[in-house]
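Novice: Requesting a structural model of the entry that follows:
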Amino acid sequence: MPPPEGTYQGPYMGLLLDIGGVVHRTSMHLAGRLAESEPRLRPVLERIGGLGTDQDVLWQRMLARQVSERDYWAQRAAEFGAAVGETWGTQDMMHRLYDLPEQDWLCAETVDLMNDTKAAGLRLGALTNDLAAFHGPGWVERQEHLKLFDIIVDASLTGVLKPDPSAFASGAEALGLPVGQIVFLDDMPWNVEGARQAGLTAVRVPWDDAGPAIDIARNLLGLDPH
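Specialist: Residues are numbered from 1 along each chain as shown. Next comes the predicted model:
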């Protein structure tokens, strides 16, 4: 179906987004907030040097692809749970981290981009590795902002993780667009590279400042800057 009359009809007709680090702030930004209310976590963060920092040896190993992202979070969850005298899996830790007020973890500028993409008559989708696995289906169903997506392709359910080329092909197919018409945003460098190799126009979202990447996406999609 063609887009409504008056909408942008340039080469890019859809936006595909990673969730963690793009729509939701990453757990490494939220751990410090959680430690404010749960002081027993502070020694763990001090020992690690903060989640996802240059001092976080396990994170650096993950970036070097020596351990998986899922293994990274599973180990940190176990350490956090032990600090409070509980047994935590990744989902337990995520429930605690994302129990903070929504404004602390939802990236407002990304949600603005999502709304403007929809208003322009463009397709909007999510391509995520761990949404249901990390948060649980019930939590996902309760999030109103996730209902903005036309489609969500979640490797928790498909079993095909980025940067597998099949993951990007599945995302494009679900979005109903050829890969050359899709702008893709992700925070992990190997997913960005994998998307580019698959034919998407991919932009990396830095963990500390999403603004420039969102501005690039807006420009590519023909949306007004904010």
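Novice: Report pLDDT for V84.
Specialist: Here the pLDDT value assigned to V84 is 96.
Novice: That one and H29, how far apart?
Specialist: Counting by Cβ to Cβ, to the nearest Å, the gap from V84 to H29 is 20 Å. (C-beta placed from N, C-alpha, C; glycine too.)
Novice: Have a look at the two and say which one is more surrounded.
Specialist: Of the pair V84 and H29, H29 is the one with more neighbours under other Cβ atoms under 10 Å, namely 17 against 13.
Novice: can you map out the strands along this protein?
Specialist: Applying DSSP state E to the chain gives strands spanning 14-17, 123-128, 151-154, 182-186, 201-204.
Novice: As CSV, these with mean pLDDT would be great.
Specialist: Below are the strands of the chain laid out as CSV (pLDDT from 0 to 100):
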stretch, mean pLDDT
strand 14-17, 98
strand 123-128, 98
strand 151-154, 98
strand 182-186, 98
strand 201-204, 97
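Novice: now these in CSV, with distance to Q75 and mean neighbour count?
Specialist: Listed next are those as CSV, based on distance: least, Cβ to Cβ, whole Å; neighbours: other Cβ atoms under 10 Å:
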stretch, distance to Q75, mean neighbour count
strand 14-17, 27, 26
strand 123-128, 21, 24
strand 151-154, 22, 19
strand 182-186, 23, 27
strand 201-204, 25, 20
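Novice: close enough to count as contact, G81 and T87?
Specialist: Yes - the criterion here is Cβ atoms under 8 Å, and G81 meets it with T87 at 5.4 Å.
Novice: Looking at these two, which one has more neighbours?
Specialist: Counted by other Cβ under 10 Å, G81 and T87 do not tie: G81 has more neighbours, with 17 against 9.
Novice: wait, what's in contact with the more buried one?
Specialist: Taking Cβ atoms under 8 Å, 6 or more residues apart in numbering as the contact definition, G81 lies against 87-88, 92-93.
Novice: that older thread, put together CSV for the strands of the chain, with distance to D215 on each row.
Specialist: Output for these, formatted as CSV (distance: least, Cβ to Cβ, whole Å):
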stretch, distance to D215
strand 14-17, 14
strand 123-128, 18
strand 151-154, 24
strand 182-186, 11
strand 201-204, 10
